[in-house]
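Chemist: Could you look at this predicted model? Sequence included:
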Amino acid sequence: MVFGIRKNKSGYKTFKDSDGATRSVHKRVAEKKMGGPVKKGYEVHHRDGNKTNNRPSNLTVVKKSTHRKLHSKKKSSW
């Protein structure tokens with residue numbers, strides 16, 4: 001059972017699962033798409049940069065280091 005979707009202070013949608021743990025919607029959607037958990041050292045990236053667009057087609061799982069590079073490139077172009 002899922003309880004209320006909210007935005008956290010970073011702008012990501014979250015929910016509380018039946019155990020009371022707060023989980024990120026984008027990570028859960030990516031896990032469903034992949035058929036398993038996101039492995040240690042990897043993160044979920046929003047391709048369009050919109051933290052609230054959690055469509056499976058907008059999410060990709062990348063190495064943490066790659067994710068940092070993607071976002072540092074984006075900031076330097078602003």
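Modeler: All right, it came through fine.
Chemist: what's near enough to touch residue 23?
Modeler: 14-17 (CB atoms under 8 Å, 6 or more residues apart in numbering). Where you see a C-beta, it was placed from the backbone N, CA and C, and this is true even at glycine.
Chemist: Grab the longest helix from the protein for me.
Modeler: Longest helix in the chain by number of residues (criterion: DSSP state H): helix 64-76.
Chemist: one step back: name the nearest of the contacts of residue 23 relative to residue 63.
Modeler: When the contacts of residue 23 are ranked by distance to residue 63 (CB to CB), residue 14 comes first, at 23.3 Å.
Chemist: The closest one - that's part of a strand, no?
Modeler: Yes - under DSSP: H, G, I helix; E, B strand; the rest coil, residue 14 falls within a strand.
Chemist: Please export the C-alpha coordinates of stretch 10-27 as PDB.
Modeler: What follows is the C-alpha trace of stretch 10-27 in PDB, where atoms were taken according to Å, rounded to 0.1, in the frame of the first residue of the first chain:
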ATOM      1  CA  SER A  10      14.900  18.600  -3.400                       C
ATOM      2  CA  GLY A  11      11.800  18.600  -5.600                       C
ATOM      3  CA  TYR A  12      11.500  14.800  -6.000                       C
ATOM      4  CA  LYS A  13       8.200  13.000  -5.600                       C
ATOM      5  CA  THR A  14       8.200  10.600  -2.600                       C
ATOM      6  CA  PHE A  15       5.800   8.200  -1.000                       C
ATOM      7  CA  LYS A  16       5.600   6.200   2.200                       C
ATOM      8  CA  ASP A  17       5.300   2.500   1.700                       C
ATOM      9  CA  SER A  18       3.500   0.100   4.000                       C
ATOM     10  CA  ASP A  19       6.500  -0.200   6.200                       C
ATOM     11  CA  GLY A  20       6.500   3.500   6.800                       C
ATOM     12  CA  ALA A  21       9.700   4.100   4.800                       C
ATOM     13  CA  THR A  22       9.900   7.100   2.500                       C
ATOM     14  CA  ARG A  23      10.800   6.100  -1.000                       C
ATOM     15  CA  SER A  24      11.500   8.100  -4.200                       C
ATOM     16  CA  VAL A  25       8.900   7.600  -6.900                       C
ATOM     17  CA  HIS A  26      11.500   7.900  -9.700                       C
ATOM     18  CA  LYS A  27      13.600   5.100  -8.200                       C
END
